[in-house]
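A.B. asks: below are the sequence and a predicted model for it; my questions follow.
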2 protein chains.
Amino acid sequence: MSSMDCATFPMHPKMDEQLARAFAANEEEEEKHIQKVQNAFLYYGPYACQRLKRSMDYLNSLSGEDQIMLARYRGHLECVRTCIDRNQAVIREILRERVLYPAEEATGDPSADRWEFEEPPPNVRHGDMDQAQSTLKLIARDWSTEGALEREQSYKPIIDSIVEYYKPSDFELKEIKILVPGAGLGRLTYELACLGYSCEGNEFSYFMLIASNFVLNLCDYENKYVLYPWVHQYVNNLRREDQVAAVRFPDVCPLKNPPKGHFEIAAGDFLEVYKTPNAYNCVATCFFIDCANNVIDFIRTIYKILVPGGIWVNLGPLLYHYSDVSGQNSIEPTFEDLCIIMESVGFVIETSRTGIRTKYAQNPSSMKQSEYQSLFWVCRKPDTFEEQRGKRKASREPHDLIVREDSEEEEEQQPERNEMEQKQQLKPLANGDTEMKAQPT
Amino acid sequence: MSSMDCATFPMHPKMDEQLARAFAANEEEEEKHIQKVQNAFLYYGPYACQRLKRSMDYLNSLSGEDQIMLARYRGHLECVRTCIDRNQAVIREILRERVLYPAEEATGDPSADRWEFEEPPPNVRHGDMDQAQSTLKLIARDWSTEGALEREQSYKPIIDSIVEYYKPSDFELKEIKILVPGAGLGRLTYELACLGYSCEGNEFSYFMLIASNFVLNLCDYENKYVLYPWVHQYVNNLRREDQVAAVRFPDVCPLKNPPKGHFEIAAGDFLEVYKTPNAYNCVATCFFIDCANNVIDFIRTIYKILVPGGIWVNLGPLLYHYSDVSGQNSIEPTFEDLCIIMESVGFVIETSRTGIRTKYAQNPSSMKQSEYQSLFWVCRKPDTFEEQRGKRKASREPHDLIVREDSEEEEEQQPERNEMEQKQQLKPLANGDTEMKAQPT
């Protein structure tokens, strides 16, 4: 079954009329941005090889005795080079059919060597190159058998909750509209659509959009491609082969396994694009809400676009992405604060759990292993009567939720106290030693 | 018992005659460097408050409605400010007695406000400020009850192996000389000295040296001071109180509990300082060997300074610190490569384990949890006869060690093959799809 036999999944800039006008005005800028992302993808190989060359140059400068001991390591670095070349070849494939914004004829044959840059392309920064490398890891997370555990950890709790709330036995699923902001490589959205729900993914990053378009619309059979997602990790390798481990994708071919329900991916900024009230039965966010400058804007928008009675299902940590990015505004409310915010906005918190163990694009062989103790919650936008009652309550007195079982007792014993009291309670602790000792003696 | 009643533990630049001459010539530069570290410590508070102010400014720019929802978060940010001030007060204490390089009289009263900088002090970079913040976390790791688990994970396997090899029943422990390169805050060295061994820690970083001198020589009772080591972590907080959690130190007061064995800390670069052959019975390295540009230099030096029959005990990952530092040379051999190197240098690998779970200066309440699957080994420098035989063998054919139990079978079934064969075996995998598909169709 070739891709010509299949209808492709729509992938488009999502715009209302107002946005369309703004977009037309900024089209040139938008195209420039996409060009930058494509350039970063094309500079992937040369950039990665520059890093490799630094190690190789240093290796060559070492004594003969050292070089003998490092003979296998040298061979390994050559193997790393091969893997980088193969990754670049896959990236060329990914860019071959530029569905979103076809290149002008003049650009010529995409597989030719001159597609790649020897010098850094204009406007491409280290951060863009990191994103190009991350894209490879995220393909492995979303679309390889090696990513199955991570998907089980992150997507299953979300899917289970939605199926529980919008039971296939009780609803005509194609009428249940689900939005997945921060859709990334699209697997969660795809899985929900496979169950029969009517699904729309939203994504801002063209690194993600270009790659997901490739997997969703251009891969014509399972495990067609091979990537080396960990080849840029030079540290914490037990064996040489760990750095050059191959990952095949896609483990499932969406073209050959089209979902039962409607499925589309919309490009654009979540806050810009989604302004129509009461439009979705469910919003599902996974590793997304910490991508806001002000998370309240996200929460308020989610509330607005949900139909009364609709649910917001969230899973992820609070790794606020703009927290230490220069030139970006950021606040970083804790989970406690988010509970206050969600209730103040009007949500009813139906379920809330902490400590959900979730890895995110982790190299399974690395000597460094990180995982998030993620948050998970299901919130409901109440019907009109509930909503009014809820808002009055929330504005009267926001209250903290008890978030951990092991601290419940402590919480119950202590009367609620405000931050100022906490500070005053802290004071004497240090007064007796640190601060007094700081005086000259 | 005041510090005046105790002999302090020596802490000194370690120099042979040649180095002493070089040092005298560079003394001005050295003093400049120490001044920079002190300045970074003194700029700790203003720097941390600048970061805090950015959040506060953004918070103040939000709508009234948002600010109401964030009222407790605002109170929390004020609490963060208090914790930063208290950390700075402890840092002032740490700098008060400048034992290593006493300040000139002109510097004046160390607790006065003018000690702190409003503007970035000259030559102090973001990296230095990161190190100042890390120092607080490392004090918690080495010298608080909260750090007990991490110390158990990292130090206990090392201590157990040394006690097993140099049994108190078989040796006069004070004659067993142990060197701990990368001694950091000094706890491992202290614990070994408490057992009766004759111990010398070596440390290059003046952030560490200044802080360890304070804990070892200037803290006169247990848990005298309070730090807030996680106050700079704005993300992944479940509760507001997690960010402002207090940690007391020192959990043990070295002045009141002087070790049985000799104990000193020597300042200086490991490769520069340690050149005398056959000087130590044991070298213990913990999270250290990946701090080399070329790890072979470390391994060769360790081999040289050990007495024949002496042991090297190592624990840690391979997070090669110079791996992506611009302007620094780096090679990053895997554990497999290190085994070849250790044997080629002449070591006999007595014990070697992988996957030792070790956290390093981790905030226990954070939603992000990282740990290393550390390496652990005990190597022996053979006696003269063994050594000659070993060297001949090693130069003939270095061989890989089987590092994981679960892959033993596979290893046994496969004949050893070189990197080139591996590459050739990889080739056809991609030839059939990726690389051919990259051609225009």
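C.D. replies: Received the coordinates, thanks.

A.B. asks: report the angle between the biggest strand by length in chain A and strand B:368-380.
C.D. replies: In chain A, taking DSSP state E as the definition, the longest strand is strand A:368-380. Counting by axes from the mean of the first three to the mean of the last three CA atoms, to 10 degrees, strand A:368-380 lies at 160 degrees to strand B:368-380.

A.B. asks: quick check: A:E332 touching A:H321?
C.D. replies: No: counting by CB atoms under 8 Å, A:E332 stays clear of A:H321, with 10.3 Å between them. For glycine as for every other residue, the C-beta is placed from the backbone atoms N, C-alpha and C.

A.B. asks: if you count what's nearby, which of those two comes out ahead?
C.D. replies: A:E332 (23 against 13; other CB atoms under 10 Å in any protein chain shown).

A.B. asks: how about the longest strand of chain A: buried residues?
C.D. replies: Neighbour counts using 16 or more other CB atoms under 10 Å in any protein chain shown place A:368-369, A:371-380 of strand A:368-380 among the buried residues.

A.B. asks: what about it, near chain B?
C.D. replies: Yes: legend: contact between strand A:368-380 and chain B by CB under 8 Å from any CB of the partner chain is shown at A:368-375.

A.B. asks: where does the stretch 51-200 of chain A get nearest to chain B, which residue?
C.D. replies: Residue of the stretch 51-200 of chain A nearest chain B, by CB to the nearest CB: A:G75 (2.8 Å).

A.B. asks: joint contacts of A:E332 and A:H321?
C.D. replies: In terms of CB atoms under 8 Å, 6 or more residues apart in numbering or on different chains, A:E332 and A:H321 are not both contacted by any residue.

A.B. asks: where does the residue of the stretch 51-200 of chain A closest to chain B land on pLDDT?
C.D. replies: pLDDT recorded at A:G75 is 98.

A.B. asks: host element of it?
C.D. replies: In this assignment (DSSP states H and E), A:G75 forms part of helix A:71-96.

A.B. asks: any idea how far A:R81 is from the residue of the stretch 51-200 of chain A closest to chain B?
C.D. replies: 11 Å (CB to CB, to the nearest Å).

A.B. asks: what strands line up against the longest strand of chain A, and which way round?
C.D. replies: The strands that strand A:368-380 pairs with in its sheet are strand A:306-316 (antiparallel), strand A:348-358 (antiparallel), strand B:368-380 (antiparallel) (by DSSP bridges).

A.B. asks: beyond the helix holding A:G75, next helix or strand please.
C.D. replies: Taking DSSP H and E, what comes next after helix A:71-96 is helix A:126-143.

A.B. asks: spell out the secondary structure type for the closest residue to A:M367 other than its chain neighbours.
C.D. replies: Closest residue in space to A:M367, ignoring its immediate chain neighbours: A:N236 at 3.8 Å, by CB to CB, 6 or more residues apart in numbering or on different chains. Of the three states, A:N236 takes coil according to DSSP: H, G, I helix; E, B strand; the rest coil.

A.B. asks: please tell me I have it right and A:N236 contacts A:Q369.
C.D. replies: No: using CB under 8 Å as the test, A:N236 is too far from A:Q369 to be in contact (9.3 Å).

A.B. asks: who touches both of those two?
C.D. replies: B:Y372.

A.B. asks: just to revisit the earlier point, and the helix holding A:G75, how far from the chain's centre?
C.D. replies: 25 Å (CA atoms, centre = their mean, to the nearest Å).

A.B. asks: that helix: which residues count as buried?
C.D. replies: Buried-residue list, helix A:71-96, by 16+ other CB under 10 Å: A:72-77, A:79-84, A:86-96.

A.B. asks: what packs against it?
C.D. replies: Identification of packing neighbours for helix A:71-96 by 3 or more CB pairs under 8 Å, 6 or more residues apart in numbering or on different chains; DSSP states H and E yields helix A:27-42, helix A:44-61, helix A:206-217, strand A:225-227, helix A:240-243, helix B:335-345, helix B:419-430.

A.B. asks: wait, which of the strands paired with strand A:368-380 is closest to B:E150?
C.D. replies: Using CB to CB as the measure, strand B:368-380 is the one of the strands paired with strand A:368-380 that comes nearest B:E150, at 9.7 Å.

A.B. asks: dump the C-alpha coordinates for that closest one into PDB.
C.D. replies: The C-alpha trace of strand B:368-380 is given here as PDB (Å, rounded to 0.1, in the frame of the first residue of the first chain):
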ATOM      1  CA  LYS B 368      12.700  16.000  38.700                       C
ATOM      2  CA  GLN B 369      14.900  13.200  40.100                       C
ATOM      3  CA  SER B 370      18.200  12.200  38.500                       C
ATOM      4  CA  GLU B 371      20.600   9.500  39.500                       C
ATOM      5  CA  TYR B 372      23.700   8.000  38.200                       C
ATOM      6  CA  GLN B 373      24.200   4.300  37.500                       C
ATOM      7  CA  SER B 374      27.700   4.700  38.800                       C
ATOM      8  CA  LEU B 375      30.800   2.600  38.100                       C
ATOM      9  CA  PHE B 376      32.700   1.100  40.900                       C
ATOM     10  CA  TRP B 377      36.000  -0.700  40.800                       C
ATOM     11  CA  VAL B 378      39.000  -1.700  42.900                       C
ATOM     12  CA  CYS B 379      42.300  -1.900  40.900                       C
ATOM     13  CA  ARG B 380      45.600  -3.100  42.300                       C
END
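
A.B. asks: what angle separates that strand from helix B:335-345?
C.D. replies: 20 degrees.

A.B. asks: thought B:D324 was touching A:S55, still the case?
C.D. replies: No: counting by CB under 8 Å, A:S55 does not reach B:D324; the two are 10.5 Å apart.

A.B. asks: give me the more crowded residue out of these two.
C.D. replies: Neighbour totals were compared for A:S55 and B:D324, and A:S55 leads with 19 against 14 (other CB under 10 Å).

A.B. asks: from A:G45, how far out is the residue lying closest to that one once chain neighbours are set aside?
C.D. replies: Spatial nearest neighbour of A:S55, chain neighbours left out: B:I331 (5.7 Å); criterion: CB to CB, 6+ apart. Distance, B:I331 to A:G45, by CB to CB: 22 Å.
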